[in-house]
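Undergrad: heads up, no residue letters with this:
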């Protein structure tokens, strides 16, 4: 079941929750939550998404970055400079991943749909 704070809007701005410890393992990572004494394994894509939850990037920006990094045909901007929606499959995958990160307490839902980066860690480690 998806979190009540599931990220669904392109302009939501998720950020990493303070206090998490990150240990990168090649392109993947293990996060330790000392407040709950839990470990979370993030695969390559989930880690890529989580690392971009900096309180500045919108869901659309994160989806665009995923599409560009994995060369999935991100639509980006048209010739007139207008933003286009990311590939719907990429956007759906990013939204699901963000919802799982929120459900597991790895991103702070207090930053959603705001542009206030004060609650975010500047460094994912």
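TA: Thanks, I have the structure now. What you see is a predicted model; the values in this text were computed from it and never measured.
Undergrad: What ranges does the chain have for its strands?
TA: For the chain, applying DSSP state E gives strands covering 15-16, 21-25, 28-33, 38-42, 107-108.
Undergrad: Any buried residues in the second one, and which?
TA: Of the residues in strand 21-25, residue 22 count as buried by neighbour count, 16 or more other C-beta atoms under 10 Å. All C-beta atoms are positioned from the backbone trio N, CA, C, and that covers glycine.
Undergrad: between that strand and strand 28-33, how many degrees?
TA: Angle, strand 21-25 to strand 28-33, by axes from the mean of the first three to the mean of the last three C-alpha atoms, to 10 degrees: 160 degrees.
Undergrad: tell me what strand 21-25 is packed against?
TA: strand 28-33 (3 or more C-beta pairs under 8 Å, 6 or more residues apart in numbering; DSSP states H and E).
Undergrad: Output the below-cut-off pLDDT ranges for this protein.
TA: Applying pLDDT under 70 to the chain picks out residues 1-8, 72-86, 109-125.
Undergrad: what's the longest helix in it?
TA: When the chain is parsed with DSSP state H, its longest helix is helix 88-103.
Undergrad: list the helices and strands it packs on?
TA: Looks like helix 88-103 contacts helix 44-51, helix 59-69 (3+ C-beta pairs under 8 Å, 6+ apart).
Undergrad: From the contact counts, what lies against the first one?
TA: For helix 44-51, the contact count by 3+ C-beta pairs under 8 Å, 6+ apart identifies strand 28-33, helix 59-69, helix 88-103 as packing neighbours.
Undergrad: is it true that residue 18 touches residue 108?
TA: Yes. Using C-beta atoms under 8 Å, residue 18 is in contact with residue 108, at 7.2 Å.
Undergrad: Those two: who's more crowded?
TA: It is residue 108, of residue 18 and residue 108, that has more neighbours when counted by other C-beta atoms under 10 Å, with 19 against 10.
Undergrad: Kindly provide the distance from that one to residue 29.
TA: 18 Å (C-beta to C-beta, to the nearest Å).
Undergrad: Can you report how many residues neighbour the closest residue to residue 41 other than its chain neighbours?
TA: In space, and not counting its chain neighbours, residue 41 is closest to residue 30: 5.6 Å by C-beta to C-beta, 6 or more residues apart in numbering. As a burial measure, residue 30 scores 14 neighbours (other C-beta under 10 Å).
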